[in-house]
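*Asks:* Let's see this in three dimensions:
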Amino acid sequence: MVVYLGWDIGGVHTKVAALDISDLGERRVRTAFASLAIWREKDRLTGVIRALRQRVAPPEHAIAAVTMTAELADVFATKREGVRYVLRCMVRACPQDRIVVLNTSGAFRPLADAMRHPLDFAATNWLATALWAAATMRTCIVLDIGSTTTDIIPVRHGRVDARGRTDLDRLMCGELVYTGVIRTPVAALVRNVPLRGQRVPVAAEFFAVTGDVYLVLQRISPGDYTGDTPDGRGKTRKDAARRLARMVCADPDQLSMREIVRIAWHVYRTQVTLIARAVRRILRRLGDATPIPILPLGTGRFLAHDVAQRLRLPICALPTNWPEDTARIAPCMALAELLIRRDIGCVY
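*Replies:* This next block holds a predicted model:
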């Protein structure tokens, strides 16, 4: 039995999915992830990868595909340096595996190619998901809302219909929106909030993030709040309310919980509007008369559902052979599926 591994090495989270198919056609899926702030602890990356590898696959040979976004972390002077660093960590952590890397053209290439031309291999996790969606869903808008960013990927008639390939190009054409449900600073979304009958400006400080918003609104659990909190304190609803109160320079006892919840709802509505506007821009470009369904993925897939409802678009369901928790790490599952498709012609 061959094990196929899909890796997504991010600036905050390292994720992996392992997929194997028995001779009888039975599928086994195992997933794992770890929080690791690359800009602060990049020297730990090799150990984190090794530990995750041990959790999901036996020690013998596996076939592994890699994507990454960690190269953008400012601990690296350039993205070239970041790509090469991540790949060296992969080799040290998984010397027994046959490793390939997905490039911006959607091809799996050997490590040597990625080391020679690193920019061709930066930030391709969205493309893994898009290629898998094109092969399975045929036509949809992939809306992958993560902790930090949102990918909006049009897929039509079995092909990826995205205009951008690099982060810069995708930002310019609206297919990458730098907003997510955990790490986005509240001050990056709103300039003011409703409070006591007026609009109150918010502090331009790193006092609260969207993870606090969705904890207060009870849309996520403390376990979903991955990574550090802005103040280094806890991840309870009370802790999150305190951080949101700070956005208007207040202590929690100066505001009622109802007032804090109203602030959170305003931030939420602003974020939904931001993402919906970006999706609408893509839809206008496509010009389809028939509504294109949304495929909601990522930690923030609940928000993707809300955006689809706002735009009155249908929802695609995940394939039944994908466990529910794999929606959070779709690029990893997509990579493993694509590897199988490449190697044995598996039909999804």
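
*Asks:* can you map out the helices along the chain?
*Replies:* Across the chain, reading from the start of the chain, the helices by DSSP state H fall at 38-41, 45-56, 79-93, 111-116, 125-136, 167-173, 210-216, 237-246, 257-286, 301-311, 330-344.

*Asks:* and those, which is most packed in?
*Replies:* Burial among those, expressed as mean neighbours by mean count of other CB atoms under 10 Å, is greatest for helix 210-216, which shows a mean of 27. To be clear about C-beta, it is placed using only N, CA and C from the backbone, and glycine gets the same treatment.

*Asks:* what's in contact with it?
*Replies:* Taking contacts as CB atoms under 8 Å, 6 or more residues apart in numbering, the residues outside helix 210-216 that touch it are 147, 179-184, 186, 189, 220, 222, 224-225, 227, 229-230, 235-237, 239-241, 243-244, 260-261, 264, 267-268, 271.

*Asks:* Could you check how far that helix is from the centre of its chain?
*Replies:* Computed by CA atoms, centre = their mean, to the nearest Å, the separation of helix 210-216 from the middle of its chain amounts to 17 Å.

*Asks:* same thing with stretch 166-185?
*Replies:* For stretch 166-185, the distance from its own C-alpha centre to the chain's C-alpha centre is 11 Å (CA atoms, centre = their mean).

*Asks:* Equivalent analysis for stretch 11-20, please.
*Replies:* In terms of CA atoms, centre = their mean, the centre of stretch 11-20 is found 11 Å from the chain centre.

*Asks:* switch to numbering from 48
*Replies:* OK, 48 is where the count begins now, so the last one is stretch 58-67.

*Asks:* pLDDT averaged over that stretch - what is it?
*Replies:* Averaging the model's pLDDT scores along stretch 58-67 yields 95.

*Asks:* Repeat that for stretch 378-395.
*Replies:* Stretch 378-395 shows an average pLDDT of 78 in the prediction.

*Asks:* Using CSV, write down the CA coordinates of that stretch.
*Replies:* Extracted C-alpha coordinates of stretch 378-395, given in CSV (Å, rounded to 0.1, in the frame of the first residue of the first chain):
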residue,chain,number,x,y,z
PRO,A,378,-5.2,22.0,-0.2
CYS,A,379,-3.6,19.0,1.7
MET,A,380,-6.4,16.6,0.7
ALA,A,381,-6.5,18.0,-2.8
LEU,A,382,-2.7,17.3,-3.2
ALA,A,383,-3.1,13.8,-2.0
GLU,A,384,-6.0,13.2,-4.4
LEU,A,385,-4.1,14.7,-7.3
LEU,A,386,-1.1,12.5,-6.6
ILE,A,387,-3.3,9.4,-6.7
ARG,A,388,-4.9,10.6,-9.9
ARG,A,389,-1.5,11.1,-11.4
ASP,A,390,0.0,7.8,-10.3
ILE,A,391,-2.9,5.3,-10.7
GLY,A,392,-5.6,7.2,-12.6
CYS,A,393,-8.0,7.1,-9.7
VAL,A,394,-11.5,8.4,-10.6
TYR,A,395,-12.9,10.6,-7.8
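
*Asks:* Could you find the closest non-adjacent residue to Cys296?
*Replies:* Ala250 (5.7 Å; CB to CB, 6 or more residues apart in numbering).

*Asks:* ok, the one you found touching Leu291?
*Replies:* No - the pair Ala250 and Leu291 does not pass the contact test of CB atoms under 8 Å, sitting 11.2 Å apart.

*Asks:* Can you name the residues bridging to the nearest residue to Ala377 once chain neighbours are set aside?
*Replies:* Leaving aside its sequence neighbours, Ala377 sits nearest to Leu344 (CB to CB, 6+ apart; 4.4 Å). In this structure, Leu344 has the following beta-bridge partners (DSSP bridges): Asp191.

*Asks:* Leu344: how many residues sit nearby?
*Replies:* Residues lying near Leu344 (other CB atoms under 10 Å) number 27.

*Asks:* Could you do Asp121 as well?
*Replies:* For Asp121, the tally of surrounding residues (other CB under 10 Å) stands at 9.

*Asks:* Check Arg206 too.
*Replies:* The number of residues packed near Arg206 is 14, by other CB under 10 Å.

*Asks:* Pull up the gap between the nearest residue to it once chain neighbours are set aside and Val207, please.
*Replies:* For Arg206, the nearest residue in space outside its immediate sequence neighbours is Ala181; the separation is 5.5 Å by CB to CB, 6+ apart. Per CB to CB, to the nearest Å, Ala181 is found 5 Å from Val207.

*Asks:* same check, this time on Arg77
*Replies:* When distance is defined by CB to CB, Arg77 is 27 Å away from Val207.

*Asks:* which of those two has more neighbours?
*Replies:* Neighbour count, other CB under 10 Å: between Arg77 and Val207, Val207 has more, with 18 against 15.

*Asks:* give me the beta-bridge partners of that one?
*Replies:* Taking DSSP bridges as the rule, Val207 bridges to Val202.

*Asks:* What residues does it make contact with?
*Replies:* 153, 174, 177-178, 181, 200-201.

*Asks:* and those as a markdown table, adding pLDDT and distance to Ala111?
*Replies:* Supplementary listing: the contacts of Val207 in a markdown table, determined by pLDDT from 0 to 100; distance: CB to CB, whole Å:
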| residue | pLDDT | distance to Ala111 |
| --- | --- | --- |
| Gly153 | 95 | 17 |
| Leu174 | 97 | 17 |
| Ala177 | 97 | 20 |
| Leu178 | 97 | 17 |
| Ala181 | 95 | 22 |
| Ile200 | 97 | 23 |
| Pro201 | 97 | 29 |
